Every structure is written in C-alpha cells, then in structure tokens.
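Visitor: Turn this into a model:
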Amino acid sequence: MSRSGTVIKRQTLDPHEGGASLRPRDMKHKTSKALFAYWNAVRGNRVAPHRFEIDPSRISALLPSTFVLERLDAETFRYRLAGTGMCEIFGCELRGTNFLEGWETIDRVPLLRQFSLLTRQGAVAVVYMQINPADEPPLACEVLLLPLLHTQDTVDRVLGAFSPLDHPGWLGDKPAIAKSIIANQIVWPTGDPQPLIQRMPFESPEFRQVRHGPIPPSERPQLRVVEGGLSHSESDKT
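Guide: The predicted structure is shown next:
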C-alpha cells in the first residue's frame with residue numbers, strides 16, 4: 001500500500017484469457033496512458049512500430065519517466081536509455097544494466113515469460129511493482145512495456161515507462177533497495193495473440209562480445225532524456 005492508499009493485490013493474469021484490446025483508460029498513470037496512446041498510433045495495424053519511428057519530440061514531457069531496453073538474449077534486456085527521474089528513484093545510472101537483474105525467482109519467472117511473449121508475439125506488458133527504500137513503507141509503481149521492431153523486423157527493443165503511483169517525501173532522496181511484483185498482465189493490442197515473430201539470428205561469441213561493449217553512436221535520431229518533463233503534480237495518477 002502506498003501512502004495515498006493505492007492497493008494492488010498480487011496476481012498474474014492469464015495472457016490468453018479474454019482478448020480485449022488494451023485502452024489507455026485501463027492504466028492508472030497519465031504517463032503510461034500517454035505513452036501507450038502514442039505508441040499505438042504509430043503502430044497502426046502492425047504488431048509493433050519500428051524503433052526509429054518513435055519521435056522523442058512527440059513525447060518530450062514523458063522522457064524523464066521512460067526507458068528503452070535492448071534484447072541481448074532471453075534473460076538479458078539491457079537499458080540503452082533510462083530517464084533521469086527513474087535513475088533518481090533507484091539511486092544509480094541504469095544505462096547498461098539488465099532490467100531482469102535483482103528480482104527474486106518468484107518475480108523473475110513471470111517476467112521472463114512476459115518478455116518472451118512481448119518479443120515473440122508483440123504482446124504488451126503492464127506490471128505493478130513495489131519498491132522499498134530503507135526505513136520507509138513500500139511504494140507501488142506502474143511499469144508499461146511496449147515492443148519495438150528493430151533489426152530484420154524482429155522485436156529486440158522495448159519502450160517502457162516507469163511511474164510511481166504516489167509521491168512521498170522520500171522519493172528521489174532515498175534510493176530503492178528492493179523491488180517486487182504485486183500484479184502483472186499481458187495484453188494484446190490487436191485483441192488476439194499474433195503469429196510468432198521471426199527470432200533474432202544466432203550470435204557468434206565474437207559478435208556477442210561487441211554487443212556488450214560500448215554502445216556506438218548512431219547517425220539516426222536517438223531517444224534522448226531531457227531534464228524537466230512532468231512535474232509531480234502533473235504526473236500523478238488519475
């Protein structure tokens with residue numbers, strides 16, 4: 001429970017139940033709603049938009065709370081970019097670290113399944129987690145994970161948003177030292193699971209070593225984090 005009284009029961013929803021399309025109003029936080037609406041508009045009738053179709057200037061107010069992950073293998077989704085607000089909450093620079101590190105097994109297993117469905121079938125994941133700083137009550141957060149096509153029309157990028165559902169006084173001053181999932185859901189933006197997307201080609205050890213090295217600059221526009229963005233009052237849940 002957060003100080004505002006937000007309560008989310010721990011649950012994992014069956015990704016093959018229902019089939020209703022995800023709508024922005026189904027999410028709790030303004031940032032998640034806005035990012036999903038933009039991603040969905042760019043996507044059109046495809047499984048996912050391409051990475052370089054995402055225009056940072058169209059979501060500039062959201063950038064402090066957004067991140068981009070790169071899939072290196074089934075258990076490694078490395079932060080290529082992480083918003084300043086998110087890094088402040090965790091008290092460290094997240095760029096270059098693995099999103100899947102630091103989770104207990106009970107949470108890591110469903111996350112692995114969600115990332116598999118996201119990269120293989122274009123699913124969207126909505127995760128509710130709680131973070132715990134030292135000597136403070138836990139805080140509920142909403143995490144939105146959106147697939148992006150990149151190389152060879154495979155999903156090997158993930159666009160995400162991390163949104164605390166409350167703004168206690170310690171937020172940004174006391175880093176989160178523990179995290180756990182309290183609810184998660186897989187949804188299909190088109191209403192139904194999609195056929196399997198082509199998997200990434202096998203990477204030789206030499207190529208994998210290069211991929212883990214410094215990220216080279218690209219000549220194409222990159223999603224860049226800017227200071228500012230939504231204020232606490234603007235980014236509160238609705």
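Visitor: Which residue comes closest to residue 181 once chain neighbours are left out?
Guide: Closest residue to residue 181 apart from its sequence neighbours, by Cβ to Cβ, 6 or more residues apart in numbering: residue 107 at 4.4 Å. Where you see a C-beta, it was placed from the backbone N, CA and C, and this is true even at glycine.
Visitor: Look at that neighbour and tell me its secondary structure.
Guide: helix (DSSP: H, G, I helix; E, B strand; the rest coil).
Visitor: likewise residue 170?
Guide: Assigned state for residue 170: coil (three-state reduction, three-state DSSP).
Visitor: Who are the contact partners of it?
Guide: Residue 170 makes contact with 133, 136, according to Cβ atoms under 8 Å, 6 or more residues apart in numbering.
Visitor: can you give me the strands in the chain?
Guide: 11-12, 66-73, 76-82, 124-132, 139-149, 155-164, 178-187 (DSSP state E).
Visitor: Mind putting the ones you listed into a markdown table with mean pLDDT, distance to residue 33 and mean neighbour count?
Guide: Compiled in a markdown table, the strands of the chain are given as follows (pLDDT from 0 to 100; distance: least, Cβ to Cβ, whole Å; neighbours: other Cβ atoms under 10 Å):
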| stretch | mean pLDDT | distance to residue 33 | mean neighbour count |
| --- | --- | --- | --- |
| strand 11-12 | 44 | 21 | 12 |
| strand 66-73 | 96 | 13 | 20 |
| strand 76-82 | 96 | 20 | 21 |
| strand 124-132 | 93 | 11 | 21 |
| strand 139-149 | 95 | 9 | 24 |
| strand 155-164 | 95 | 9 | 25 |
| strand 178-187 | 90 | 14 | 18 |
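Visitor: of those, which approaches residue 112 most closely?
Guide: Comparison of the strands of the chain against residue 112 by Cβ to Cβ identifies strand 76-82 as nearest, at 9.9 Å.
Visitor: what's the closest one packed up against?
Guide: If you count contacts as 3 or more Cβ pairs under 8 Å, 6 or more residues apart in numbering; DSSP states H and E, strand 76-82 packs onto strand 66-73.
Visitor: between the strand it packs on and strand 139-149, what angle do the directions make?
Guide: Strand 66-73 runs at 60 degrees relative to strand 139-149, counting by axes from the mean of the first three to the mean of the last three Cα atoms, to 10 degrees.
Visitor: Good, we can wrap up now.
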